[in-house]
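*Asks:* could you work out the structure for the sequence below:
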Amino acid sequence: MADMQPSGGWWSRLFSPSARYSVFTLLVAGIVLGVVGLLTFDYTLHATSTNEFCSSCHANDAAKEWRESKHYNNRVGFVAGCSDCHLPREFVPKMVRKVKAAKEVWNHFAGKIDTPEKYEAHRKEMAENEWARMKGNGAQECRNCHSPAQSTDKDKAEMHKGALSGGAICIDCHKGVAHKTPG
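*Replies:* This is a model prediction of the structure:
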């Protein structure tokens with residue numbers, strides 16, 4: 001392996017043990033830093049996925065509409081939160097969505113959607129982006145909670161079965177479930 005490494009400089013220091021610290025000390029420090037980094041990442045992921053976090057910017061628009069919807073106010077008392085519909089459960093799609101959400105947070109603080117009027121002006125664009133995302137994953141977030149096959153109403157179950165077998169997804173018929181439909 002020594003033949004493959006360039007001589008001297010930073011490359012040899014990268015692969016040689018430290019003269020100051022033992023390999024064990026470096027290993028323990030690496031593990032501690034890794035665990036702290038993982039815990040910080042996990043905490044941040046959860047903290048930015050709460051209804052309170054989302055509502056801190058969307059108090060006068062999306063959160064207000066959501067609180068008036070069946071996803072918040074229903075006869076069984078179940079609340080489908082922001083992340084239930086807008087955040088995939090799978091790790092990679094969740095990370096992709098979080099990166100895109102950072103752009104939305106930026107747009108709020110940069111003044112693009114920071115007032116109800118500006119939000120309304122961009123509602124169609126934002127809704128179309130979300131519908132496209134849901135179309136791309138077969139409305140998985142809807143299916144995480146809803147199963148048309150388990151419907152107690154046989155007519156609705158058959159209607160959903162036919163629509164789904166024809167290639168439709170939830171969002172094709174159920175736009176505006178938790179938020180006002182654009183236009």
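*Asks:* residues near A80, how many?
*Replies:* Look at A80: counted by other CB atoms under 10 Å, it has 21 neighbours. For every residue, glycine as well, the C-beta is placed using N, CA and C.
*Asks:* list the residues that contact the spatially closest residue to it that is not a sequence neighbour.
*Replies:* Distances taken as CB to CB, 6 or more residues apart in numbering place H71 nearest to A80, at 4.1 Å, with adjacent residues excluded. By CB atoms under 8 Å, 6 or more residues apart in numbering, the contact set of H71 is 79-80, 84-85, 177-178.
*Asks:* what's the PyMOL syntax to select whichever of those are buried?
*Replies:* Remark: buried members of those, expressed as a PyMOL selection using 16 or more other CB atoms under 10 Å:
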select buried, resi 80+84+85+177+178
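*Asks:* just the contacts of H71: which are in helices?
*Replies:* Among the contacts of H71, the residues falling in helices (DSSP state H) are 84-85.
*Asks:* okay, the contacts of H71 in CSV with pLDDT and distance to R67 next?
*Replies:* Shown next, in CSV, are those (pLDDT from 0 to 100; distance: CB to CB, whole Å):
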residue, pLDDT, distance to R67
V79, 94, 9
A80, 94, 12
D84, 95, 14
C85, 94, 14
V177, 88, 14
A178, 91, 10
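*Asks:* export the contacts of H71 to JSON lines and tack on distance to I171?
*Replies:* Below are these laid out as JSON lines (distance: CB to CB, whole Å):
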{"residue": "V79", "distance to I171": "20"}
{"residue": "A80", "distance to I171": "15"}
{"residue": "D84", "distance to I171": "14"}
{"residue": "C85", "distance to I171": "10"}
{"residue": "V177", "distance to I171": "9"}
{"residue": "A178", "distance to I171": "11"}
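*Asks:* doesn't I169 make contact with W131?
*Replies:* No. With contact defined as CB atoms under 8 Å, W131 does not count as touching I169 (9.5 Å).
*Asks:* okay, the two: which has more neighbours?
*Replies:* Of the pair W131 and I169, I169 is the one with more neighbours under other CB under 10 Å, namely 19 against 15.
*Asks:* skipping adjacent residues, who's closest to that one in space?
*Replies:* Nearest one to I169, counting by CB to CB, 6+ apart, is A139 at 4.2 Å.
*Asks:* for burial, what's the neighbour tally of that neighbour?
*Replies:* Here the count is done by other CB under 10 Å, and A139 has 21 residues near it.
*Asks:* H146 and G30: what is the separation?
*Replies:* Separation of H146 from G30 (CB to CB, to the nearest Å) stands at 45 Å.
*Asks:* and the two? Which one has more around it.
*Replies:* Using other CB under 10 Å as the criterion, H146 and G30 rank with H146 on top: 15 against 10.
*Asks:* hang on, the more buried one packs against I169?
*Replies:* No. In this structure, H146 is not within contact of I169 by CB under 8 Å, at 11.6 Å.
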